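Peer 1: Next comes the sequence, and after it the predicted model I'd like to discuss.
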Amino acid sequence: MAELVARHGVHQTLINTWKRQAMENMAEVFDGPIMVQNADNYAPLKGEQVAALVDEIPQIEYLKEERQPGPKHIAEVADLVSDQVKCIFGGAGGKVLPDELRRGGNGNMPACELADVLA
């Protein structure tokens, strides 16, 4: 954020407003499928917030639920939106994939730095 403020010479509130407007209007200008990544380390959404987002933006077809513990949160989101999305992925390198699958997950999307380990 500090880098953007310095580069553009505006207050961070304006940048946050631009970000919110971009998120709100993205679905209007993009007609392809949208994937939402919900991760602990960034700005995680609660299950109800994910469901509201899926209701509001019909192009959301895929979710990657990375809040920990993964299986618990996958179950929460699956209960709310599994009939509205094509796939709910887990993360965490697939360490708890069997439990995620039992709780409504459809697969795993490991980080790109694990590709050589998994191939």
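Peer 2: Done, it's in.
Peer 1: longest helix anywhere in the protein?
Peer 2: Secondary structure of the chain per DSSP state H: the longest helix is helix 12-29.
Peer 1: Following element in sequence after that helix, please.
Peer 2: Next along the chain after helix 12-29, taking DSSP states H and E as the criterion, comes strand 34-39.
Peer 1: Could you list the paired strands of that following strand along with their orientation?
Peer 2: Strand pairing for strand 34-39, determined by DSSP bridges: strand 60-66 (parallel).
Peer 1: Hey, what's the angle from the longest helix of the chain to strand 34-39? Just curious.
Peer 2: 140 degrees (axes from the mean of the first three to the mean of the last three C-alpha atoms, to 10 degrees).
Peer 1: distance between helix 12-29 and the chain's centre?
Peer 2: Put simply, helix 12-29 sits 17 Å off its chain's centre (C-alpha atoms, centre = their mean, to the nearest Å).
Peer 1: any idea of the mean pLDDT for that helix?
Peer 2: Here helix 12-29 scores 81 as its mean pLDDT.
Peer 1: Give the other helices and strands that that helix contacts.
Peer 2: Judged by 3 or more C-beta pairs under 8 Å, 6 or more residues apart in numbering; DSSP states H and E, helix 12-29 is in contact with helix 2-8. Quick note: C-beta positions are derived from backbone N, CA and C, even for glycine.
Peer 1: what's next to the helix it packs on, contact-wise?
Peer 2: 11-12, 15 (C-beta atoms under 8 Å, 6 or more residues apart in numbering).
Peer 1: and the gap between the residue most central in space within the chain and Val77?
Peer 2: Centroid check for the chain by C-alpha atoms, centre = their mean gives Gln37 as the closest residue, at 1.8 Å. Separation of Gln37 from Val77 (C-beta to C-beta, to the nearest Å) stands at 12 Å.
Peer 1: Give me the common contacts of those two.
Peer 2: Residues within reach of Gln37 and of Val77 at once, by C-beta under 8 Å, 6+ apart, are Leu63.
Peer 1: hang on, the earlier thing: in JSON lines: the contacts of helix 2-8, plus distance to His73.
Peer 2: Listed next are the contacts of helix 2-8 as JSON lines, based on distance: C-beta to C-beta, whole Å:
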{"residue": "His11", "distance to His73": "34"}
{"residue": "Gln12", "distance to His73": "29"}
{"residue": "Ile15", "distance to His73": "29"}
